[in-house]
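Asker: the amino acid sequence is not available; the structure is as follows:
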Ligand SMILES: C[C@H](O)[C@H](O)[C@H]1CNc2nc(N)[nH]c(=O)c2N1
Ligand SMILES: N[C@@H](Cc1ccccc1)C(=O)O
Ligand SMILES: [Fe+2]
C-alpha cells in the first residue's frame, strides 16, 4: 500500500517538481495499481515489443520471456526476483525515483537494481523526464539475467563507490560510460547492429532512430573515448557507441581505473556529436536536426 508520504512525494514529482531524491526502499504496491496503470504497461509493452523485433539484441527479448513478462499486467518484483536471484544473484528493490549517485552505486555494487515503483501517466506515454517503472523493468531488468552483463553492472557499482572515494572528479566520466552503454548502447551482431541500451528500448522513437537514422554517428566502443564524450539528456543521442560483445565491455573495464582517472583529468572532453580521429566509424552522422549546446 502507498503510505501518505509516498502519495505526497509522488504527487510532488508528478507535478513536475524536481525529482524527490529519496533513498528509501519501497515495497512494490502491486495490489494498488489501477486498471489504467496496468493498461499503460500493456500499451507500452505491446508497442515496444513490436518495434524491437529485429531491432533489439536477441537476448533482450529472450530474457523478457524467461521472466514471464507480458502485456497482461505490471510484473511483480517478487516474482521477477525468484528468477533473477537464481540466475545471477541480483534482486530488484522498489524506489521512489532517481537516487543520489553514491546510493545508486552502492545498490549496484551489492547486486540490487533500483526500480521505480510507479508507472507514467497515459499522457506521458511518449516521453518522461525521469525513469519510471516501464523504463526500469522493461529496459534495464532483462539483461540482468545475462551473467556477463550482470557482472559488468555489479563491477560498475563497485567502481562508482571507489571513484566517489578516490576520484570524485571522475564521476562524470563514469556517468558517461553508463549513459553510452547501459542506457544507449548498441551491439554488433552477425545480423547487423542491435539495441541493448535501456534508454533506447523503452523509447518508441529512439528504437528506430538509433539504428536507422542518417543523423547520428555510430562509433565502435572505446573506453577512454566514451568516458570523454559529453551527452544530452533531453534529445536523441548524437552518437551511439557499438560494442562487439558484453565480454568486450567487461574486459575493457576490468583494469584498475586509477591511472585512467589521472589521465582523464588532464584531457579535454569531446562534444557529443564530434567524430574523433582514431574512431572506428560505422556511420558518420549527417547531424540533421541536432540542437546545439546542452551537452554534459
Ligand atoms: C550513474 C549515474 O549516477 C546515474 O545518473 C544514476 C543516478 N541515480 C539513479 N537512480 C536511479 N533510481 N536509477 C538510475 O538509473 C540512476 N542513475
Ligand atoms: N575497473 C574500474 C571499475 C569499473 C568496472 C566496470 C565498469 C566501470 C568501472 C575501477 O577500477 O575503478
Ligand atoms: Fe535507466
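Answerer: Everything's here; your move. Note that the coordinates shown come from a computational prediction; the quantities given were computed from them, not determined experimentally. Ligands and ions are numbered 1, 2, ... in the order given.

Asker: how about the one helix or strand residue 82 maps to, does it reach ligand 1?
Answerer: If you go by DSSP states H and E, residue 82 is part of helix 77-88. No - counting by Cβ under 6 Å from any ligand atom, ligand 1 is not contacted by helix 77-88; separation bottoms out at 13.9 Å. To be clear about C-beta, it is placed using only N, CA and C from the backbone, and glycine gets the same treatment.

Asker: show me which residues of that helix are buried.
Answerer: Across helix 77-88, burial judged by 16 or more other Cβ atoms under 10 Å covers 77, 80, 83-84, 87-88.

Asker: ok, now stretch 179-191?
Answerer: Within stretch 179-191, judged by 16+ other Cβ under 10 Å, the buried ones are 179-188.

Asker: quick check: mean pLDDT of the helix holding residue 82?
Answerer: For helix 77-88, mean pLDDT is 98.

Asker: show me which residues of the chain are close to ligand 2?
Answerer: Counting by Cβ under 6 Å from any ligand atom, the positions of the chain adjacent to ligand 2 are 152, 155-156, 159, 162, 177, 253-257.

Asker: switch the residues you listed over to JSON lines; also include neighbour count.
Answerer: As requested, the residues of the chain next to ligand 2 are arranged in JSON lines below (neighbours: other Cβ atoms under 10 Å):
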{"residue": "152", "neighbour count": "23"}
{"residue": "155", "neighbour count": "16"}
{"residue": "156", "neighbour count": "19"}
{"residue": "159", "neighbour count": "19"}
{"residue": "162", "neighbour count": "18"}
{"residue": "177", "neighbour count": "22"}
{"residue": "253", "neighbour count": "18"}
{"residue": "254", "neighbour count": "11"}
{"residue": "255", "neighbour count": "10"}
{"residue": "256", "neighbour count": "9"}
{"residue": "257", "neighbour count": "22"}
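
Asker: find the closest residue to ligand 2 in the stretch 151-296 of the chain.
Answerer: Of all residues in the stretch 151-296 of the chain, residue 159 sits closest to ligand 2, at 2.5 Å by Cβ to the nearest ligand atom.

Asker: surely that residue is within a helix?
Answerer: Yes - according to DSSP: H, G, I helix; E, B strand; the rest coil, the state of residue 159 is that of a helix.

Asker: wait, it sits on residue 255?
Answerer: No - contact criterion Cβ atoms under 8 Å: residue 159 and residue 255 do not qualify, at 10.8 Å.

Asker: circling back: pLDDT, distance to residue 295 and secondary structure added to the buried residues of stretch 179-191, as CSV?
Answerer: Formatted as CSV, the buried residues of stretch 179-191 follow (pLDDT from 0 to 100; distance: Cβ to Cβ, whole Å; DSSP: H, G, I helix; E, B strand; the rest coil):
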residue, pLDDT, distance to residue 295, secondary structure
179, 98, 11, helix
180, 98, 13, helix
181, 98, 18, helix
182, 98, 19, helix
183, 98, 15, helix
184, 98, 14, coil
185, 98, 18, coil
186, 99, 20, strand
187, 98, 24, strand
188, 98, 25, strand
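
Asker: with distance to ligand 3 added, can I get those in JSON lines?
Answerer: Converted to JSON lines, these look like this (distance: Cβ to the ion, whole Å):
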{"residue": "179", "distance to ligand 3": "9"}
{"residue": "180", "distance to ligand 3": "12"}
{"residue": "181", "distance to ligand 3": "11"}
{"residue": "182", "distance to ligand 3": "7"}
{"residue": "183", "distance to ligand 3": "5"}
{"residue": "184", "distance to ligand 3": "10"}
{"residue": "185", "distance to ligand 3": "12"}
{"residue": "186", "distance to ligand 3": "16"}
{"residue": "187", "distance to ligand 3": "17"}
{"residue": "188", "distance to ligand 3": "22"}
